[in-house]
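Visitor: Here is the input, now give the coordinates:
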Amino acid sequence: MRGVRGHRRPLGGGVARLILPLAIAALCGVTPAAGLMESGVARLTRGAGVAQSGSRPCGRCHSSEFALWSQHPHSHALIDPQTDPRRITARWGRRVPGWREYVEGRFQREQVVRAFGVGFYQVYFRADPDGHRLLPACWHLTERRWLPLPAELARVEKEGATWGERCAGCHTTGYRPVERTSDELNVGCTACHGDGAEHLASEGRTPMLRPALLEPKRSAEVCGACHSRGIDPVTGAPYAARFRPGAVLGDTFRVMAATPEGDAWFWPGGVERLPYMEYQGFLQSAHFRGGLRCTSCHLPHGSQYGKALVRRTEELCTECHTGGGARGPVHLRHPAGSAGCVDCHMAVVNPGSDWVPVRTHSLRFLEPKQAQATGMPSSCTTAACHADRGAAWAAEVVRAWRQPP
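Guide: I've put the predicted structure just below:
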């Protein structure tokens, strides 16, 4: 991953430093992965929390990367209320907004055995003999109230699909669908860097895979294995559990392709319209064709900036887009400070959705004229901007802007 420039200190005694935490964990009865079965369900162990995760040994040498990762959503892709109860932020009781409407009489706090979500919503799972299933409400993390499940998850709950059938491949590391076990109960180091056994055995002399150093498409595929929609043609799973970092994603996973006329996953013209399709949007961008990769903008371990960006958004864009008045009034056509790069070139493509907001990674300006013809969103009239105006108004404004002086 970007930001790792080799080892930052001598690796003498590396095996001892890496094995010691595992030995202590074993003596304490802590396991780093969920390799056990109980009533047909992968049993959660104390290794589910970050403090006891399978990635913790990596932090003995890569302390700065581990510190960033431990605050990143990847490290909390799956939450165990037994080992990490502070991550379960929902409140219970009749005085809590939404509790009577969506929770009371439907499920109890004690039924929650797993949770997903640290950004917008948090959803919860109960244990069944044949797998973990969604509970029929979610907690809004910022508004602090209960809501019904978003439409997409409500369909999963209604169908009775298990988390192993729909979620586990991207919320764990090394998930094995047949056994319903995983190497780590979050998105850990080996999810992106590959198997670390030789790296460990050689005291770090055998390098790990570094996705940022792969050629752009292979690098993007490491992220795209989860940040995309598709299907495994062998197992039928909607996640790439058989993919290994550095391999060709298409060998084990069929990424959903856009159609010119649009469908439930893409707007006409190919712009993604659902969460977790960043890879599919990025493949359409001139930035991808020009050799950029996900790590050109994002630090997968995490960073001090939102969305794990390399630097502040405007600084990130203008690092490359310096010519042609990229920050000037002729290009922006807005007063200073009122609109930024992402408002026009990464517009929200699911306005009005009851799920997480999606910004297109096609990095294109969504033309009001096309929106007027197809009903798709435009960059001008999304919820973040001129939501009270229609596509016809925006199309006329943009047409006038483009008239020669």
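Visitor: what packs against the longest strand along the chain?
Guide: Of all the elements of type strand in the chain, the one with the most residues (DSSP state E) is strand 131-140. With contacts taken as 3 or more Cβ pairs under 8 Å, 6 or more residues apart in numbering; DSSP states H and E, strand 131-140 sits against strand 121-128, strand 145-147, helix 151-159, helix 163-166. Placement of C-beta: from N, CA and C, glycine included.
Visitor: Would you point to the one among those that's packed deepest?
Guide: Most buried of these by mean neighbour count (mean count of other Cβ atoms under 10 Å) is helix 163-166; its value is a mean of 21.
Visitor: avg pLDDT for the helix or strand following it?
Guide: Per DSSP states H and E, the first helix or strand lying C-terminal to helix 163-166 is helix 168-171. Mean per-residue pLDDT for helix 168-171: 96.
Visitor: those strands in the chain, which residues are they?
Guide: Counting by DSSP E, the strands of the chain are 37-38, 41-42, 114-116, 121-128, 131-140, 145-147, 230-231, 254-255.
Visitor: ends of stretch 308-316, how far apart?
Guide: 12 Å (Cα to Cα, to the nearest Å).
Visitor: got the buried residues for that stretch?
Guide: Applying a neighbour-count criterion of 16 or more other Cβ atoms under 10 Å, the buried positions in stretch 308-316 are 308, 310, 313, 316.
Visitor: Now tabulate the helices and strands packed on strand 131-140 in CSV and tack on distance to Arg180.
Guide: Compiled in CSV, these are given as follows (distance: least, Cβ to Cβ, whole Å):
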stretch, distance to Arg180
strand 121-128, 12
strand 145-147, 29
helix 151-159, 17
helix 163-166, 5
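Visitor: Which of the buried residues of stretch 308-316 fall in helices?
Guide: Under the assignment DSSP state H, the buried residues of stretch 308-316 contribute 313, 316 to helices.
Visitor: Quick one: the buried residues of stretch 308-316 as TSV, columns for distance to Asp183 too.
Guide: Shown next, in TSV, are the buried residues of stretch 308-316 (distance: Cβ to Cβ, whole Å):
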residue	distance to Asp183
Ala308	23
Val310	29
Thr313	34
Leu316	33
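Visitor: Which one among the buried residues of stretch 308-316 sits at the bottom for pLDDT?
Guide: Thr313 (88).
Visitor: residues in contact with that one?
Guide: By Cβ atoms under 8 Å, 6 or more residues apart in numbering, the contact list for Thr313 reads 305, 340-342.
Visitor: Next, format these as a markdown table and append pLDDT.
Guide: Shown next, in a markdown table, are the contacts of Thr313 (pLDDT from 0 to 100):
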| residue | pLDDT |
| --- | --- |
| Tyr305 | 92 |
| Gly340 | 84 |
| Cys341 | 89 |
| Val342 | 90 |
